[in-house]
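**Q** starting from these lines, generate the structure:
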Amino acid sequence: VLSFIIFICYIASLAASFMMAPLLEFLLALFLFFAYASKLNEKFKGVHWPLADFLRCVTAAIIYFAISIAAVSKYSDGASKAAGVFGFAATIVFAIDFYITFNDLVTFLKQGSSDSPEGRQAEDEDSDSDSD
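**A** Numbering: from 1, shown residues only. Predicted coordinates:
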């Protein structure tokens, strides 16, 4: 929703050249939302869905931060300033989403690389290291 609001602000402003980034982010977020809602992530196991969401969050935060700085500093109309302020808010939201998604991605990657918790526990008990 925030990406769509930023897109509308950029359309109404002098900084209309920045409107493509929020539009693409809105469409990508909409696609991932419907992919998770329709359980495409369970049907297509070859796609690493947490990684795709992680990359979307990282790129969105960086791009929104960059275009918000440009919109606020270069253009003086109200719609550009509003788009910049909403862009900074979106940067914060995507940074928080980046952090949450990063934790999910780490959990996802640990599940894929570990054999079983019982196997690791047996290895720990059998070791003769004197690290204590």
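**Q** so what does the strand or helix carrying Ile11 touch, helix or strand wise?
**A** Here Ile11 sits within helix 2-12, counting by DSSP states H and E. Identification of packing neighbours for helix 2-12 by 3 or more C-beta pairs under 8 Å, 6 or more residues apart in numbering; DSSP states H and E yields helix 20-37, helix 49-74, helix 78-113. Backbone N, C-alpha and C define where each C-beta goes, glycine included.
**Q** looking at those helices, which is buried most?
**A** Most buried of the helices and strands packed on helix 2-12, by mean neighbour count (mean count of other C-beta atoms under 10 Å): helix 49-74, with a mean of 18.
**Q** got the angle for that helix vs helix 2-12?
**A** Relative orientation of helix 49-74 versus helix 2-12 (axes from the mean of the first three to the mean of the last three C-alpha atoms, to 10 degrees): 30 degrees.
**Q** show the average pLDDT along the helix holding Ile11.
**A** Mean pLDDT, helix 2-12: 87.
**Q** list the buried ones in that helix?
**A** 2-3, 5-10, 12 (16 or more other C-beta atoms under 10 Å).
**Q** dihedrals phi and psi, Ser13?
**A** phi -100, psi 180 (degrees, to the nearest 10).
**Q** for Lys43, see how far away Ile62 is.
**A** Distance, Ile62 to Lys43, by C-beta to C-beta, to the nearest Å: 31 Å.
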